[in-house]
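Asks: Take a look and give me a structure for this.
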Amino acid sequence: MQKRAWYPLDNAANIYPVIANRGFTPMFRYTAEMTAEVDQAALQRALGRMAPRFPGFFVRLRRGVFWYYLEQTNARAPVEEDTFSPCPPLAKGELPFRVKAYRRRISCEFAHVVCDGGGAMTFFKTLLAAYVKELGVRVPAEKGVLDLDGPPHPEETEDGFARFSRMGAHPSRREPAAYHPTGTRLLPGTRVVTTGTLSVQAVRQLSRAAGVSVTEYLTATLIFVLYSMQRAERPRRLRPVKISVPVNLRKYYPTQTLRNFSQYLNPGIDPNYGDFTFEETLGQVHHYFHYMFTEKNMNARISKNVGDERNVALRVVPLFLKKLSIRLGYELTGEKLFSSVISNIGAVELPEEMAPYVGKLLFVLCTAKRNSVECGVVSYRDTLAITFTRTIAEPYVERTFFRALVQKGLHVLVESNQH
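Replies: This is a model prediction of the structure:
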């Protein structure tokens, strides 16, 4: 009997099995709105071709003596009917991704333990290309689409953190606790998803006129919405309003890894310093991005994480004790430090042969355990999709956010899974 291949979790993934439970798995979703009804049989054939090219995805989470790890499996991945609420928790032994279809939509849900948005996008693009091929169209392996007839590249399953960490400075993770929007909690496992669709060019023009990037503008808008929300609540103690922004480290380092390779930073404002205008908030965010989003700062942060993982004392501690330590660290330096998340995947390109088949892309976050609102952003051609996911009944955050963009002259089409 041939021994199954296995992979140690990458540095970022070590925390995800610890914070997961029966009611929650840190996940996210990509959705492609196709221009015609999905042929589920063709999609299943396309999915059936993926395993040899993406061995790091066809795995199961296993528990070792000292660490969790991923073990390759021959399990079949079925195309599933989509559900009302995205990203339900994974069952024990389930593959760390799901492929779902509903009418004109193809969705992939990924567990964060196996990949980040960058690696998942490569998988998703390649699956969409394979599906279009099943419809009789020749699609070249370009613009992030991998050749399913080629062998996996060794770098695709590497831990980029371990490879590129220089183990120099180890900055502190300490930050003041952030403000968190509150509301009426929905039933466990229920998420309201609301998407605002805009013109990419219109948003770019607005951002350029302000002298900032699209990500900076959207981040500042969300910060200002939450800042205004906290002020309206008149709390006894004002807290900083900070947004966690993932940074794709592949733009700094030459790797083809499909696993987690992102770092998170928390730009924001502290209302204890006084009242802020939107323009002041935008300036704070802009300068934070330019000062903090550098290769040296990113390397210092990943070196801190890798250094902790390589600590000799920690490595020999049994897993059940490690979990206590990791869980405590997460309570002190995890979601407590930011008010919400905004993750901008950026402009997605697909081979031109796929253009007649793919109309719009969506990015849905389901990664927060306690924080009630998250925001995923992705653009394709001239369509920018901003998707809010919330676990509270009140729609205040996304409603105020989109209203702020409309007040700036943007046209926003809003859709939701809430009737």
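Asks: Next, Lys100: secondary structure please.
Replies: Classification of Lys100 using DSSP: H, G, I helix; E, B strand; the rest coil returns strand.
Asks: Can you give the domain ranges for this protein?
Replies: 6-150, 192-416 (automatic domain parsing).
Asks: starting at the chain centroid, how far to the longest one?
Replies: Just to be clear, that refers to domain 192-416. Here domain 192-416 shows a centroid-to-chain-centroid distance of 9 Å under the convention C-alpha atoms, centre = their mean, to the nearest Å.
Asks: Now the terminal residues of it, how far apart.
Replies: 7 Å (C-alpha to C-alpha, to the nearest Å).
Asks: returning to what we had before: of all the domains of the chain, which lies closest to Phe161?
Replies: Phe161 lies closest to domain 6-150 among the domains of the chain, at 3.8 Å (C-beta to C-beta). (Each C-beta comes from the backbone N, C-alpha and C, glycine too.)
Asks: picking up where we left off before, among the domains of the chain, which is nearest Glu158?
Replies: Nearest of the domains of the chain (C-beta to C-beta): domain 192-416, 5.1 Å.
Asks: Same question for stretch 161-172: list its buried residues.
Replies: 161, 164-165 (16 or more other C-beta atoms under 10 Å).
Asks: Output the residues you listed in CSV; the columns should cover secondary structure, pLDDT and distance to Tyr102.
Replies: Compiled in CSV, these are given as follows (DSSP: H, G, I helix; E, B strand; the rest coil; pLDDT from 0 to 100; distance: C-beta to C-beta, whole Å):
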residue, secondary structure, pLDDT, distance to Tyr102
Phe161, helix, 95, 36
Phe164, helix, 95, 40
Ser165, coil, 93, 42
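Asks: who's in contact with the nearest residue to Gly64 once chain neighbours are set aside?
Replies: Leaving aside its chain neighbours, Gly64 sits nearest to Leu319 (6.6 Å; criterion: C-beta to C-beta, 6 or more residues apart in numbering). Neighbouring residues of Leu319 by C-beta atoms under 8 Å, 6 or more residues apart in numbering: 63-68.
Asks: Narrow those to those that are buried.
Replies: For the contacts of Leu319, buried by 16+ other C-beta under 10 Å: Tyr68.
Asks: Next, count neighbours for His290.
Replies: His290 has 12 neighbouring residues, counting by other C-beta atoms under 10 Å.
Asks: tell me the SS of it?
Replies: helix.
Asks: so what's Tyr102 bridging to?
Replies: Beta bridges link Tyr102 to Arg105 when assigned by DSSP bridges.
Asks: quick one: it and Glu81 touch, right?
Replies: Yes - using C-beta atoms under 8 Å, Tyr102 is in contact with Glu81, at 6.7 Å.
Asks: Identify the residue nearest the residue most central in space within the chain in space, chain neighbours excluded?
Replies: Nearest to the mean C-alpha position of the chain, by C-alpha atoms, centre = their mean, lies Gly117 at 5.0 Å. Spatial nearest neighbour of Gly117, chain neighbours left out: Ile345 (5.4 Å); criterion: C-beta to C-beta, 6+ apart.
Asks: contact partners of whichever strand or helix holds the one you found?
Replies: Per DSSP states H and E: Ile345 is located in strand 340-348. Residues outside strand 340-348 that contact it (C-beta under 8 Å, 6+ apart) are 117, 121, 125, 144, 181, 200, 214-215, 218-219, 222, 226, 243-246, 361, 363, 365, 367-368, 371, 373-380, 397.
Asks: Okay, and which of those residues map to strands?
Replies: Mapping the contacts of strand 340-348 onto strands (DSSP state E) picks out 243-246, 361, 363, 365, 373-380.
Asks: Which parts of the stretch 301-419 of the chain are helices?
Replies: 312-315, 319-333, 396-407 (DSSP state H, counting those that start in this stretch).
Asks: repeat for the stretch 101-250 of the chain
Replies: 117-134, 160-164, 200-209, 214-233.
Asks: Return, as residue ranges, the portions of the stretch 201-350 of the chain with sub-threshold pLDDT.
Replies: In the predicted model of the stretch 201-350 of the chain, residues 312-314 satisfy pLDDT under 70.
Asks: again, only using 80
Replies: 310-317, 320, 322 (pLDDT under 80).
Asks: ok, now the stretch 51-200 of the chain?
Replies: Where the stretch 51-200 of the chain drops to pLDDT under 80, the residues are 167-170.
Asks: Break down it into its strands, ranges please.
Replies: 59-63, 68-72, 79-81, 97-102, 105-111, 192-199 (DSSP state E, counting those that start in this stretch).
Asks: who's in contact with stretch 137-154?
Replies: 49-50, 52-56, 121-122, 125-126, 129-130, 132-133, 256, 348-351, 353-354, 357.
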